[in-house]
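Visitor: kindly generate the corresponding structure for this input.
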Amino acid sequence: MSAGIDPSAVKLIGLLGLAHRAGKLAIGATEVEKLVHRNRRPVVIVAQDAGVALRRRLLRLNPVRGFLTETVDRVELAHLLGRSQVAVVAVADQGFVRGILRLELPRIPPAQGLG
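Guide: Numbers count the residues shown, from 1 in each chain. Below you'll find the model as predicted:
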């Protein structure tokens, strides 16, 4: 992350790291879709440089609490999670969701942003 990064984005990265260590983070499109289909209503974080087709597929998911799409990129997510590439994660745990939604980050509400 660059030195001029939004403090809320830094907090988001910290919360995602905690959620990962607690086993509360769905990683990758398949795991995120499973979480949504189990009616867990997660917050979905999509890397800002995720592919167009993946973004469209993910933005159609329902029910969710919202999408964060302009906060982190694939490299940041991958580095955080110790993987080579990650384009999407989601968290449904109430405590983590509450913490993420309190951050002043731009969100796309559910069922919007489709072109």
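Visitor: could you use CA atoms for every contact and neighbour count after this?
Guide: Fine.
Visitor: in a helix, Asp49, correct?
Guide: No: counting by DSSP: H, G, I helix; E, B strand; the rest coil, Asp49 is located in no helix; its state is coil.
Visitor: how much space separates Leu18 from Leu68?
Guide: Leu18 is 18 Å from Leu68, where distance means C-alpha to C-alpha, to the nearest Å.
Visitor: let me redo that: Ala92
Guide: To Leu68, Ala92 is 14 Å away according to C-alpha to C-alpha.
Visitor: in this structure, where's the longest helix?
Guide: helix 7-21 (DSSP state H).
Visitor: could you find the closest non-adjacent residue to the residue positioned nearest the centre of the chain?
Guide: In the chain, the residue lying closest to the centroid (C-alpha atoms, centre = their mean) is Ile45, at 1.5 Å. Distances taken as C-alpha to C-alpha, 6 or more residues apart in numbering place Leu68 nearest to Ile45, at 4.7 Å, with adjacent residues excluded.
Visitor: quick one: contacts for that neighbour?
Guide: Residues near Leu68 by C-alpha atoms under 8 Å, 6 or more residues apart in numbering: Val43, Val44, Ile45, Val46, Leu105, Pro106, Arg107, Ile108.
Visitor: now a PyMOL select for only the buried ones of those.
Guide: Buried subset of those, written as a PyMOL selection, criterion 16 or more other C-alpha atoms under 10 Å:
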select buried, resi 43+44+45+46+105+107+108
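Visitor: what pLDDT does the model give the nearest residue to Val72 once chain neighbours are set aside?
Guide: Computed as C-alpha to C-alpha, 6+ apart, the closest residue to Val72 that is not its neighbour in sequence is Ala47, at 5.4 Å. Listed pLDDT for Ala47 reads 95.
Visitor: neighbours around Ala47, how many?
Guide: Using other C-alpha atoms under 10 Å as the criterion, Ala47 is surrounded by 22 other residues.
Visitor: right, and it touches Phe67 too?
Guide: No: counting by C-alpha atoms under 8 Å, Ala47 does not reach Phe67; the two are 10.4 Å apart.
Visitor: run through who's touching the next helix-or-strand element following the longest helix of the chain.
Guide: Moving toward the C-terminus from helix 7-21, the next helix or strand (DSSP states H and E) is strand 25-27. Outside strand 25-27, the residues that touch it by C-alpha under 8 Å, 6+ apart are Leu16, Ala19, Val32, Leu35, Val86, Val88, Val89, Ala90, Val91, Ala92.
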